[in-house]
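1. Let me see the structure of the following:
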Amino acid sequence: MIDRRDFMFALGAAAFSVPEAVFAQAKPAVARVGRLSPLSKATDERNREALIDGLRELGWIEGKNLQMEYRFADGHEERHAELAKELAQSGVNVIVAGSTPGALAVKQATSKIPVVIVTTGDPVANGLVKSLAHPGSNVTGVTALTQELGGKRLEVFAEVIPGIKQMAVLANHTSPDTKPSLDGVRSSAKALGIKLTVLEARDTAGIESAFATLERERAKALMVLQHPMFVTQQKLIVQSAARARLPAMYPLHEFVSAGGLLFYGVDLPEMYRRAATYVDKLLKGAKPGDLPVEQPTKFELVVNMKAATTLGIRFPNSILVRADKVIE
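-> Numbers count the residues shown, from 1 in each chain. Presented below is the predicted three-dimensional model:
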């Protein structure tokens, strides 16, 4: 495996200041950090480790001066409100929210505890912050804009499969990030002359039904949009695509590690490592409104050579030379 982790971030402009009495706090002897994940404990492991590693590098060590409080939604968005309320009432100093629905739930649960977001949605459009440069309120963090990313993913996919004219998209509209991501895909599809068929799946049965439709209609390619439920069901999705002999673009590199063909997008664990710097600053007394929201400026390309061989696909050199990870 080839791994280049040179992940860069762009900062917003100067910060917006909110009253110090609202957020300023003395550095705690033992920091209590809440973590609300949209995933299951197992599928969240790499993100969790990245956050802990980032905090350790900044001097926050579990069992010494750091206590973590975890809540896992297991891919069920309806659980976020309850879990966010639990964290807000648990006495934590900072909450790290790992999805747009989770971040919205935490913001609803507390206006005083600083919140660090790690999302792929637009926090301004979703009402989490006033602007990237001037977040305001108690929310700041790291985000990637899904509309731009969705379109770019299709462009990369079309480079892997030249001349593609039809493609299916697996989506779950229970997330507010799905629509802008799909809008980006549709915009690129129109420019590239690709006809899209969108299939909705909100649970395991929906995924199985979607793939039955894909096999029946002999679909040629598939793009899976990001959604926590899809991540928790990544094994089912990758195996179903393989059975249908469908080349697919996936929303996280874990899908490719599990046997999927291709991933292009943000390095999510690296976003969590960056989120640790926000947690550190907030624990030391910084105010959320003084910390502009970061956006990644470099994206990760991961390809699976074994999956390509099985599907009869040969990655063009233009893809291989740009790949950050090549799984043999």
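
2. Only C-alpha atoms from now on, for both contacts and neighbour counts.
-> Noted.

3. Okay, domains of the protein per the record?
-> 9-144+266-296, 146-265+300-327 (automatic domain parsing).

4. Strands of the stretch 201-328 of the chain, residue ranges please.
-> Under the criterion DSSP state E, counting those that start in this stretch, the stretch 201-328 of the chain carries strands at the ranges 222-224, 248-250, 262-265, 295-296, 300-304, 325-327.

5. The stretch 51-200 of the chain now?
-> Using DSSP E, counting those that start in this stretch, strands in the stretch 51-200 of the chain cover 66-72, 94-97, 115-119, 139-143, 166-171, 195-200.

6. Redo those as JSON lines? Include distance to R56 and mean neighbour count.
-> Output for these, formatted as JSON lines (distance: least, Cα to Cα, whole Å; neighbours: other Cα atoms under 10 Å):
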{"stretch": "strand 66-72", "distance to R56": "9", "mean neighbour count": "17"}
{"stretch": "strand 94-97", "distance to R56": "16", "mean neighbour count": "27"}
{"stretch": "strand 115-119", "distance to R56": "17", "mean neighbour count": "27"}
{"stretch": "strand 139-143", "distance to R56": "18", "mean neighbour count": "28"}
{"stretch": "strand 166-171", "distance to R56": "37", "mean neighbour count": "20"}
{"stretch": "strand 195-200", "distance to R56": "41", "mean neighbour count": "16"}
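
7. Please name whichever of those is nearest to S40.
-> Checking those against S40 by Cα to Cα gives strand 66-72 as the closest, at 5.6 Å.

8. just checking, what packs against the closest one?
-> Judged by 3 or more Cα pairs under 8 Å, 6 or more residues apart in numbering; DSSP states H and E, the packing partners of strand 66-72 are strand 31-37, helix 80-88.

9. Most tightly packed of the ones you listed?
-> For the helices and strands packed on strand 66-72, average neighbour numbers computed from mean count of other Cα atoms under 10 Å are highest in strand 31-37, which has a mean of 23.

10. what's in contact with it?
-> For strand 31-37, the external contacting residues (Cα atoms under 8 Å, 6 or more residues apart in numbering) are 44, 60, 65-74, 80, 83-84, 87, 91-99, 102, 283.

11. Tell me who's in contact with the closest residue to E328 other than its chain neighbours.
-> Nearest residue to E328 in three dimensions, chain neighbours excluded: M305, at 5.1 Å (Cα to Cα, 6 or more residues apart in numbering). Contact analysis of M305 by Cα under 8 Å, 6+ apart lists 261, 326-328.

12. measure the residue most central in space within the chain to H134 for me?
-> Geometric centre of the chain, nearest residue: T120, 4.9 Å, by Cα atoms, centre = their mean. Distance, T120 to H134, by Cα to Cα, to the nearest Å: 19 Å.

13. And the strands of the stretch 51-200 of the chain: which comes nearest L154?
-> The nearest among those, by Cα to Cα, is strand 166-171 at 9.7 Å.

14. What helices and strands are in contact with that closest one?
-> strand 195-200, strand 222-224.

15. D267 touches F299, doesn't it?
-> Yes - here D267 reaches F299: they are 6.7 Å apart, a contact under Cα atoms under 8 Å.

16. circling back to that earlier point, select, out of the strands of the stretch 51-200 of the chain, the one closest to K287.
-> K287 lies closest to strand 139-143 among the strands of the stretch 51-200 of the chain, at 9.4 Å (Cα to Cα).

17. And the closest one, how far out from the chain middle?
-> 13 Å (Cα atoms, centre = their mean, to the nearest Å).

18. Need the contact partners of it.
-> By Cα under 8 Å, 6+ apart, strand 139-143 touches 107, 114-123, 128-129, 271, 274-275, 278, 288-289, 291-296.

19. would JSON lines of the strands of the stretch 51-200 of the chain with mean pLDDT be doable?
-> Below are these laid out as JSON lines (pLDDT from 0 to 100):
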{"stretch": "strand 66-72", "mean pLDDT": "97"}
{"stretch": "strand 94-97", "mean pLDDT": "98"}
{"stretch": "strand 115-119", "mean pLDDT": "95"}
{"stretch": "strand 139-143", "mean pLDDT": "95"}
{"stretch": "strand 166-171", "mean pLDDT": "96"}
{"stretch": "strand 195-200", "mean pLDDT": "95"}
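
20. coming back round to it: how much space between the residue nearest to the centre of the chain and Q239?
-> In terms of Cα to Cα, T120 sits 25 Å off from Q239.

21. what about the protein, any weak spots by pLDDT?
-> Within the chain, the ranges that satisfy pLDDT under 70 run 1-27.

22. same thing but 50
-> Applying pLDDT under 50 to the chain picks out residues 1-24.

23. Could you pull out the helices in it for me?
-> 20-23, 45-57, 80-88, 100-109, 146-160, 178-192, 204-216, 228-232, 234-243, 253-257, 268-283, 305-311, 317-320 (DSSP state H).
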